[in-house]
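K.L.:
I would like the atomic coordinates for the input below:
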Amino acid sequence: MVIEFHDNPKAEANWLRKQRDQSVAYIEKQGIKHRGVSEEPEWFVAPYVSLWTVESAQKPGVIGWWVISGDLPTDYLSGKDAADARAALGAFAARWEEVSTYMLRGENHPTIRIGRSRNLKELGDLLLRRANILQEWVKDDSLW
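P.N.:
Residues are numbered from 1 along each chain as shown. Modelled structure (predicted):
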């Protein structure tokens, strides 16, 4: 589903192109083997969030990964963790909520690092806010 909040389709298309490029670069930097990032987002709210599918390297035609980018951390999760865009958004929100609890205590999460150690609490607050927004969107049936 595509939700348009932008009055300028050209600006929206440019933003989406940048988000796709950022998602491709991120997945490559993480060393994820794949058969390509979708040409169009699976779901987006411009200019805040875009959600992309990444085709599995082992199983052509299957979602191997989900990538999220926008005015939030670029992140990825396994296609096994979410069957559709709504579930993927919820999985990112749950992950970020967990990570933010560590950060708000001034601690690093055991497996996920976001930002630098010197500003964990500040970034933890921002991450928790983004997680809460994603959860609200997941709950809102009108967006799906």
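K.L.:
which residues in this structure form strands?
P.N.:
2-3, 34-37, 43-45, 49-56, 63-70, 72-78 (DSSP state E).
K.L.:
and those: which comes nearest R118?
P.N.:
strand 72-78 (17.2 Å; C-beta to C-beta). For every residue, glycine as well, the C-beta is placed using N, CA and C.
K.L.:
now do that closest one: everything it contacts.
P.N.:
Strand 72-78 is contacted from outside by 22-23, 26-27, 30, 32, 48-49, 54, 64-68, 88, 91-92, 95-96, 114, 127, 130, using C-beta atoms under 8 Å, 6 or more residues apart in numbering.
K.L.:
so how far is that strand from its chain's centroid?
P.N.:
From the chain centre to the centre of strand 72-78 is a distance of 4 Å (C-alpha atoms, centre = their mean, to the nearest Å).
K.L.:
direction included, what does it pair up with?
P.N.:
When sheet partners are counted by DSSP bridges, strand 72-78 sits next to strand 63-70 (antiparallel).
K.L.:
buried stuff in the partner strand?
P.N.:
By neighbour count, and taking 16 or more other C-beta atoms under 10 Å as the criterion, the buried residues in strand 63-70 are I63, G64, W65, W66, V67, I68, S69, G70.
K.L.:
what mean pLDDT does it have?
P.N.:
Averaged across strand 63-70, the pLDDT comes to 96.
K.L.:
how about the CA coordinates for it, as PDB?
P.N.:
Taking C-alpha atoms only, strand 63-70 is exported to PDB below (Å, rounded to 0.1, in the frame of the first residue of the first chain):
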ATOM      1  CA  ILE A  63      11.500 -12.300   0.600                       C
ATOM      2  CA  GLY A  64      14.800 -13.000   2.200                       C
ATOM      3  CA  TRP A  65      15.000  -9.600   4.000                       C
ATOM      4  CA  TRP A  66      13.100  -6.500   4.900                       C
ATOM      5  CA  VAL A  67      14.900  -3.100   4.900                       C
ATOM      6  CA  ILE A  68      13.600   0.100   6.500                       C
ATOM      7  CA  SER A  69      14.900   3.600   5.800                       C
ATOM      8  CA  GLY A  70      13.900   7.200   6.200                       C
END
